[in-house]
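Participant: Any chance you can model this:
(2 chains)
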Protein chains: 2
Amino acid sequence: LARASRQEFKEISPSEFFYRNRELAGFSNPSRSLYSAVRELVENSLDACELNGILPSVQISIASAEQDRLDPRLYTLTVEDNGPGIRAEQLPSAFGKVFYGSKFVLRQSRGLFGLGGTMAILYAQITSSQPALIASCTDGETGIRVKLLIDVERNQPIVVERQAFAAGGWRGLRVTITLLGDYSRAQAKLLEYVRQTAMAAPYAELRYEDPFGKAYEFARLTEVMPPPPKEILPHPHGLDVETIRRLIRREADRPLAELLVRNLHRVGEKTARAFLAQNGFDPERRAGELSNEEAVRLFKALQSYEGFMRPDASCLSPLGEELLLLGVKRELKPEFAVACSRPPASYSGHPFIVEAAVAYGGALPPGLRLYRFANRIPLLYDEMSDVSWKVLNEGVNWTRYRLNPEMPLAVVTHICSTKVPYKTVGKEYIADQPELERELTGAIRECFRKLSAYLSRKGSLEQRVKRFELYKKYLPLLAEFSRGLARRPRAPSYRALLERLYREGGLAEQHGGGNEEDEGP
Amino acid sequence: LARASRQEFKEISPSEFFYRNRELAGFSNPSRSLYSAVRELVENSLDACELNGILPSVQISIASAEQDRLDPRLYTLTVEDNGPGIRAEQLPSAFGKVFYGSKFVLRQSRGLFGLGGTMAILYAQITSSQPALIASCTDGETGIRVKLLIDVERNQPIVVERQAFAAGGWRGLRVTITLLGDYSRAQAKLLEYVRQTAMAAPYAELRYEDPFGKAYEFARLTEVMPPPPKEILPHPHGLDVETIRRLIRREADRPLAELLVRNLHRVGEKTARAFLAQNGFDPERRAGELSNEEAVRLFKALQSYEGFMRPDASCLSPLGEELLLLGVKRELKPEFAVACSRPPASYSGHPFIVEAAVAYGGALPPGLRLYRFANRIPLLYDEMSDVSWKVLNEGVNWTRYRLNPEMPLAVVTHICSTKVPYKTVGKEYIADQPELERELTGAIRECFRKLSAYLSRKGSLEQRVKRFELYKKYLPLLAEFSRGLARRPRAPSYRALLERLYREGGLAEQHGGGNEEDEGP
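Facilitator: Residues are numbered from 1 along each chain as shown, chains lettered A, B, ... in the order given. Sure, this is the predicted structure:
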């Protein structure tokens, strides 16, 4: 007993856990933490707007709070949106309690773990000791302003001050925190993050003001927004035993057939009964009567049954080719761009949609650039471990499209899903799920095909123009030369020949791409 | 109000969070999860033994639980140790409750987040639906056997079955779980993990039985164990505002001077008073009277005050040069090996000790291999991002030691600290903290210097032997040639010359390393 006593056990709160292990949520050092704080608050804002069908306007500003110090030093970060706001009753917990949030449902969203906002406030508090200032208004009339700290040991919000205010039509959320940051190191990534976020959300208005007072504005390019993502039930192929056991416990009195229909994605009465019958379960049996072994058997049967409908992707919210192209054209200013949206697909019961765009020339520098997005979040790290990189390097036969990575080329990929298969914790790159790889390959190939056709049209036109120019220049000389040689008084007529070449080369119908000054002979 | 209603908030339990985000704790896919489960249980066992001064004996076995299936399939994993055991009252929570553990103190330990064991059981439960079987005995007399499930939604253990048994002298802990794994993919890493764990713990006895029944045994090489790590108070330079605020709240009635002495590492009465006086705080003032601003000022003053003693590293438990060499020699079987333990150092208030070893030749293949350990855990991933890699590539001038990375060379580094500065969540590589980099550079340079001296001793001896062999061979021929040329009857005597060369080359005193057949002329 004495021996065992050196191991003392105790329990800690979720806040305490993340306070001790803040690097788990991306708050590892002052540079990365500043980046993470911006990212978490901006993504919360965009998610809230889009979910509620509001065209997002998001303002980000970072200002030094310690002018007389060098980095790392305190910064004041404010993120304001025109979203639905958060109601006064929920506001303190939404930002002051770990594991309390609105993202614990099956739905396409940027949010990673549903704890980003709280983590930003927690990190700010432990580095600056200053409360977060949050203003929220849900109705445009009366808003609420709150000064908030987190009781880390108890995982509870502490409202230091609370005050109502007349919102005068303003609706939305504004969060201000003071935190230790290293702007000089975070600068490049921050700007790239805002730029790429704007690329994937051309219907949003973004404004980013840096600590030197310089403002970067990304105007709204369109009022058209993708439909808001919808919450769905889990698909039978995406379940684990824990979910089954939980359903059984929660609806112990329900007949099995009904349990499946009510709780699973796209399982109708008929499918449920067919499935149960084939696997030897009585559809009328109460769920609570299943033994543990039977629950496991049910799980295995659900996993392998082929008769279920594939997950429905109508819950997803892809950008669509048009919006994707809008963003790409503004940010990259290419000579030519093409986009492609693949039909919905699924892996392990999770629906997903792949979109891609390829841009060429114009303001693009030589060399291939890859822009990756998942649920509209730009992924800025670990490019070479990502499935998109793999597809570009292994899945696509470049020579077939007469393309090569030294050309001024940008490839943009966007994967949206209720569950993006991130490969690791950092959630910066995506696993090479075979289904995903197949769709990505298809999307990129289609874009490459179109770019290739454009380039070959452009190329062959250029070639024909060049050839015609050659004829135009040398035929008269040849004719004159022949005349001299033959000692004839008149050169042979080459004009009809030139005209025929012009017509047959299709130069008469072509506009653009070629040299506009070329005219018929 | 209607608009805000699409964001519904709810709270989830810590178990639920990690059930949904299990990749955060290393349980991402069947291959990695099998590896993580082994690792978590083995590290718990070793930590428990070492903390209690028990020479560890740990048995690991993995057996297929689904003979008729291919990977991924169910495996049964058992890890048994001869540690102190866990008392019956604590057993269910220790393994069935997230954020309940013995590692939430400031002490050198392998444990990462104090949730590894529970995560292994949670992952097993959701993939196999089978309870964990845990046997524990703390006194060698009466043990307890428990079948355990986790109520994920409530973060509570469910004891399915509980039974006392006569232990007959057995003391320790045995955990058996059935989990979905991919052994064929995990195989190489698992074996490497066990091998390297044995390298860093030559005082432990490890046995690893793979699913094919093949057993790998690592015998105990010594009964000498490093002293158990000790728990320490936080150092004033390693504090954040949150800790200060917490101390103040907890000991509101205590005078400031006393608060500091009781709660901080190596702060005595005299130091506390000097510090408070210099920073304008009354030492007799009650802590609870401090305003928020004063608490922040106290924090900043503590951070920057130079008068505190450096953190004491006696709480740490390095391996020591001897134990490190023992493990290295057994695993790598080199021709030559040398180890170096650096004096204690600290970064941001956290004490640490760096140890290194360099091995050369023998069974080592050509090319540099780097073995990294932190608190005796082998780090198997992301080598090139690690500070040790950086030091080897940038911090050490190889040519100066006449070494190069194509030689049959192994470098082993071990960092022990109450807080290992892991760079990311995966905790597989270590940040390039300047203090750490300096100590690592020092340790590796010292080892390189010794290896270089050995090689140059060996090399120059070889060279001299070679030169002498040359003289021995050609001097008689030269003498004979000169005799013929000079038409003398007798060749000049070269024997005295050879003898002098032999003596002056130091070949008479040398033993080993050179060619043993060489003898005097």
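Participant: mind listing the strands for the stretch 401-521 of chain A?
Facilitator: Defined through DSSP state E, counting those that start in this stretch, the strands belonging to the stretch 401-521 of chain A, from first to last, are A:408-417.
Participant: shaky segments in it?
Facilitator: Counting by pLDDT under 70, the stretch 401-521 of chain A contains low-confidence ranges at A:424-427, A:505-521.
Participant: again, 90 this time
Facilitator: Counting by pLDDT under 90, the low-confidence segments of the stretch 401-521 of chain A come to A:418-435, A:456-521.
Participant: how about the helices in it?
Facilitator: Defined through DSSP state H, counting those that start in this stretch, the helices belonging to the stretch 401-521 of chain A, from first to last, are A:434-486, A:495-504.
Participant: Please apply the same query to the stretch 1-150 of chain A.
Facilitator: Using DSSP H, counting those that start in this stretch, the helices found in the stretch 1-150 of chain A span residues A:14-20, A:30-51, A:91-96, A:116-128.
Participant: And those helices: which comes nearest chain B?
Facilitator: Across the helices of the stretch 1-150 of chain A, the minimum distance to chain B, taken as CB to the nearest CB, is reached by helix A:116-128, at 4.1 Å. The way it works is simple: take the backbone N, C-alpha and C, and place the C-beta from them, glycine included.
Participant: relative to helix A:30-51, how tilted is that closest one?
Facilitator: For helix A:116-128 against helix A:30-51, the angle by axes from the mean of the first three to the mean of the last three CA atoms, to 10 degrees is 150 degrees.
Participant: Can you mark which positions in helix A:116-128 are buried?
Facilitator: Of the residues in helix A:116-128, those buried under the neighbour-count criterion (16 or more other CB atoms under 10 Å in any protein chain shown) are A:116-128.
Participant: what do you get for stretch A:320-336?
Facilitator: Residues of stretch A:320-336 classed as buried: A:320, A:323, A:324, A:325, A:326, A:327, A:328, A:329, A:331, A:332, A:334, A:336 (neighbour count, 16+ other CB under 10 Å).
Participant: ok, now stretch A:292-299?
Facilitator: Within stretch A:292-299, the residues that count as buried by 16+ other CB under 10 Å are A:295, A:296, A:297, A:298, A:299.
Participant: near chain B too, which of these?
Facilitator: Filtering the buried residues of stretch A:292-299 for neighbours of chain B using CB under 8 Å from any CB of the partner chain leaves A:295, A:296, A:299.
Participant: mind listing which of those residues are in helices?
Facilitator: Counted as lying in helices by DSSP state H, out of these, are A:295, A:296, A:299.
Participant: count of residues packed around the closest residue to residue A:330 other than its chain neighbours?
Facilitator: Beyond its immediate neighbours in the sequence, the residue positioned closest to residue A:330 (CB to CB, 6 or more residues apart in numbering or on different chains) is residue A:221, lying 6.2 Å away. Other residues within reach of residue A:221, judged by other CB atoms under 10 Å in any protein chain shown, total 17.
Participant: give the contact list for residue A:221.
Facilitator: Residue A:221 makes contact with A:202, A:203, A:326, A:327, A:330 under the criterion CB atoms under 8 Å, 6 or more residues apart in numbering or on different chains.
Participant: Alongside chain B, which residues does the stretch 51-200 of chain A contribute?
Facilitator: Counting by CB under 8 Å from any CB, the residues of the stretch 51-200 of chain A lying close to chain B are A:51-52, A:54, A:84-87, A:90, A:93-94, A:97, A:99-102, A:104-105, A:113, A:125-129, A:138-139, A:152-153, A:171.
Participant: Buried only: go through the residues you listed for me.
Facilitator: Buried members of these, counted by 16+ other CB under 10 Å: A:51-52, A:54, A:84-87, A:90, A:93-94, A:97, A:99-102, A:104, A:113, A:125-129, A:138, A:152, A:171.
Participant: Tell me, please, where in the stretch 251-400 of chain A the pLDDT is lower than the cut-off.
Facilitator: By pLDDT under 90, the low-scoring segments of the stretch 251-400 of chain A are A:291-293, A:295-297, A:299-300, A:303-304, A:309-315, A:317, A:343-350, A:380-386, A:395.
Participant: Check the stretch 101-250 of chain A too.
Facilitator: Counting by pLDDT under 90, the stretch 101-250 of chain A contains low-confidence residues at A:101-116, A:126-129, A:153, A:226-234, A:237-247, A:249-250.
Participant: rerun at 80
Facilitator: Low-confidence segments of the stretch 101-250 of chain A, defined by pLDDT under 80: A:101-114.
Participant: Quick check, central residue of chain A?
Facilitator: Nearest to the geometric centre of chain A sits residue A:376, at 2.1 Å (CA atoms, centre = their mean).
Participant: Can you name the residue of the stretch 251-400 of chain A nearest to chain B?
Facilitator: Of all residues in the stretch 251-400 of chain A, residue A:296 sits closest to chain B, with a separation of 4.4 Å (CB to the nearest CB).
Participant: what's that residue in contact with, if anything?
Facilitator: Taking CB under 8 Å, 6+ apart as the test, what residue A:296 contacts is A:241, B:128, B:129.
Participant: And the residue nearest to the last one when sequence neighbours are not counted, how far from residue B:276?
Facilitator: When you say that, I think you mean residue B:129. What sits nearest to residue B:129 in space, not counting adjacent residues and going by CB to CB, 6+ apart, is residue A:241, at 4.0 Å. In this structure, residue A:241 lies at 58 Å from residue B:276, with CB to CB, to the nearest Å as the measure.
Participant: Quick one: residues contacting the residue lying closest to residue A:17 once chain neighbours are set aside.
Facilitator: On the basis of CB to CB, 6+ apart, the spatially nearest residue to residue A:17 that is not a chain neighbour turns out to be residue B:99, at 5.6 Å. Residue B:99 makes contact with A:11, A:12, A:13, A:14, A:16, A:17, B:14, B:114, B:115, B:155, according to CB under 8 Å, 6+ apart.
Participant: Need these in CSV (columns: neighbour count).
Facilitator: Listed next are those as CSV, based on neighbours: other CB atoms under 10 Å in any protein chain shown:
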residue, neighbour count
A:11, 14
A:12, 19
A:13, 19
A:14, 23
A:16, 19
A:17, 24
B:14, 23
B:114, 24
B:115, 24
B:155, 24
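Participant: tell me the least confident of those residues?
Facilitator: For the contacts of residue B:99, the least confident position by pLDDT is residue B:114, scoring 70.
Participant: so what's that residue up against?
Facilitator: Contact analysis of residue B:114 by CB under 8 Å, 6+ apart lists B:99, B:101, B:102, B:103, B:104.
Participant: To residue A:480, which of the helices of the stretch 1-150 of chain A lies closest?
Facilitator: Among the helices of the stretch 1-150 of chain A, the nearest to residue A:480 by CB to CB is helix A:30-51 (70.8 Å).
Participant: what packs against that closest one?
Facilitator: Using 3 or more CB pairs under 8 Å, 6 or more residues apart in numbering or on different chains; DSSP states H and E, the elements in contact with helix A:30-51 are strand A:57-64, strand A:73-81, helix A:116-128, strand A:172-181, helix A:183-199.
Participant: same thing but 6 Å
Facilitator: Identification of packing neighbours for helix A:30-51 by 3 or more CB pairs under 6 Å, 6 or more residues apart in numbering or on different chains; DSSP states H and E yields strand A:73-81, helix A:116-128, strand A:172-181, helix A:183-199.
Participant: can you list these in CSV and add distance to residue A:465?
Facilitator: Shown next, in CSV, are the helices and strands packed on helix A:30-51 (distance: least, CB to CB, whole Å):
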stretch, distance to residue A:465
strand A:73-81, 52
helix A:116-128, 56
strand A:172-181, 56
helix A:183-199, 35
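Participant: Identify whichever of the ones you listed lies nearest to residue B:217.
Facilitator: Distances from residue B:217 to each of the helices and strands packed on helix A:30-51 were compared by CB to CB, and the smallest falls on helix A:116-128, at 45.6 Å.
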